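Chemist: can't give you the sequence, but here's the structure:
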Ligand SMILES: O=C(CO)COP(=O)(O)O
């Protein structure tokens, strides 16, 4: 059985004091047996958040990393740095990074490999643009992105990747994919992993849906056979809403 995983992607929101106040409000509430609950926060919040979640089952993730361990890369943060902080997860290849920071499939792959080098679990984002969906290219786009990102991973590593299928047209728009459409694409993505590594690995990989997930629609997604959780932006920012999301994944 795959353990459902709810991850909040805070994007560029919350100062350190706002972030720690959030954890104090959700402690003991956004902790539900059988559901993994992860907050992916801006870099500046990470030390305080790792400290704030001690003694809880909540986990902390970053939203990006550089693929090198160190070097002349002004403004960047590496896997070594994240690991020493006690961060466990890292979002890689979010569509906002691909669009605004020119992250190619090759860079995404290097980042996935860097995450494993430092024992961080990648939350790998894939998904199509609106024009790609309209042109009937959704599955092709997901195939190219997934295969590129997994290049060079062992089966054991592949089984640990969390994939987040996020159709770009559904992010922050209130236009969510139907649960059935999300299941169709996510089942297809699981098949891609099966093609690369076989059925056991594919059955172990957890695949989230992301894009306008809210407390009132999360149960529909989690009710689908291949959807193992959600990567949530806007609705992860308020404590009450985040708690409802984790409860909705039971
Ligand atoms: O991009 C997302 C999560 O990574 C989705 O954002 P929203 O939940 O705000 O649509």
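Modeler: Cool, the structure landed. Note that the coordinates shown come from a computational prediction; the quantities given were computed from them, not determined experimentally.
Chemist: Hmm, residue 9 is touching residue 234, no?
Modeler: No: using Cβ atoms under 8 Å, residue 9 is not in contact with residue 234, being 9.4 Å away. Glycine gets a C-beta too; all of them are placed from N, C-alpha and C.
Chemist: of the two, who's got more company?
Modeler: For residue 9 against residue 234, the residue with the higher neighbour count under other Cβ atoms under 10 Å is residue 9, and the figures read 26 against 18.
Chemist: quick one: that one from the ligand, how far?
Modeler: 4 Å (Cβ to the nearest ligand atom, to the nearest Å).
Chemist: Likewise for residue 223?
Modeler: Relative to the ligand, residue 223 is positioned 18 Å away (Cβ to the nearest ligand atom).
Chemist: Number of residues surrounding that residue?
Modeler: Once other Cβ under 10 Å is used to define contacts, residue 223 is seen to have 10 neighbours.
Chemist: Got the confidence number for it?
Modeler: Listed pLDDT for residue 223 reads 97.
Chemist: contacting residues around it?
Modeler: With contacts taken as Cβ atoms under 8 Å, 6 or more residues apart in numbering, residue 223 has the following neighbours: residue 179.
Chemist: mind redoing it with 10 Å?
Modeler: With contact taken as Cβ atoms under 10 Å, 6 or more residues apart in numbering, residue 223 is in contact with 179, 183.
Chemist: who touches both of residue 9 and residue 234?
Modeler: For the pair residue 9 and residue 234, residues contacting each of them under the criterion Cβ under 10 Å, 6+ apart are residue 171.
Chemist: helix, strand or coil for the residue of the chain most remote from its centre?
Modeler: For the chain, the C-alpha farthest from the mean C-alpha position belongs to residue 72; by Cα atoms, centre = their mean, that distance is 27.7 Å. On the three-state scheme (DSSP: H, G, I helix; E, B strand; the rest coil), residue 72 is labelled coil.
Chemist: Kindly report the same for residue 6.
Modeler: Under the three-state scheme (three-state DSSP), residue 6 adopts strand.
Chemist: and stretch 110-128, how far apart are its ends?
Modeler: The straight-line separation of the ends of stretch 110-128 (Cα to Cα, to the nearest Å) is 21 Å.
Chemist: Rounded mean pLDDT for that stretch, please.
Modeler: For stretch 110-128, the per-residue pLDDT averages 98.
Chemist: need the contact list for residue 160.
Modeler: The contact partners of residue 160, taken as Cβ under 10 Å, 6+ apart, are 115-116, 121-122, 153-154, 201, 204-206.
Chemist: Please pick the buried ones from the residues you listed.
Modeler: When burial is judged by neighbour count using 16 or more other Cβ atoms under 10 Å, the buried members of the contacts of residue 160 are 115-116, 121-122, 153, 201, 204-206.
Chemist: Return the closest of those with respect to the ligand.
Modeler: residue 122 (13.5 Å; Cβ to the nearest ligand atom).
Chemist: per-residue confidence for the residue farthest from the centre of the chain?
Modeler: Among the per-residue scores, residue 72 holds a pLDDT of 98.
Chemist: How far off centre is the helix or strand bottoming out on mean pLDDT in the chain?
Modeler: Across the helices and strands of the chain, mean pLDDT, DSSP states H and E gives its lowest value to helix 130-134, namely a mean of 95. A distance of 22 Å separates the centroid of the chain from that of helix 130-134, by Cα atoms, centre = their mean, to the nearest Å.
Chemist: and the next element down the chain from that helix?
Modeler: Heading C-terminal from helix 130-134, the first helix or strand you meet, by DSSP states H and E, is helix 138-149.
Chemist: from the chain's centre, how far out does that next one sit?
Modeler: That offset, for helix 138-149, works out to 16 Å (Cα atoms, centre = their mean).
Chemist: average pLDDT for it?
Modeler: Per-residue pLDDT over helix 138-149 has a mean of 98.
Chemist: can you pull the buried residues of it?
Modeler: For helix 138-149, burial by neighbour count (16+ other Cβ under 10 Å) applies to 138-139, 141-143, 145-146, 148-149.
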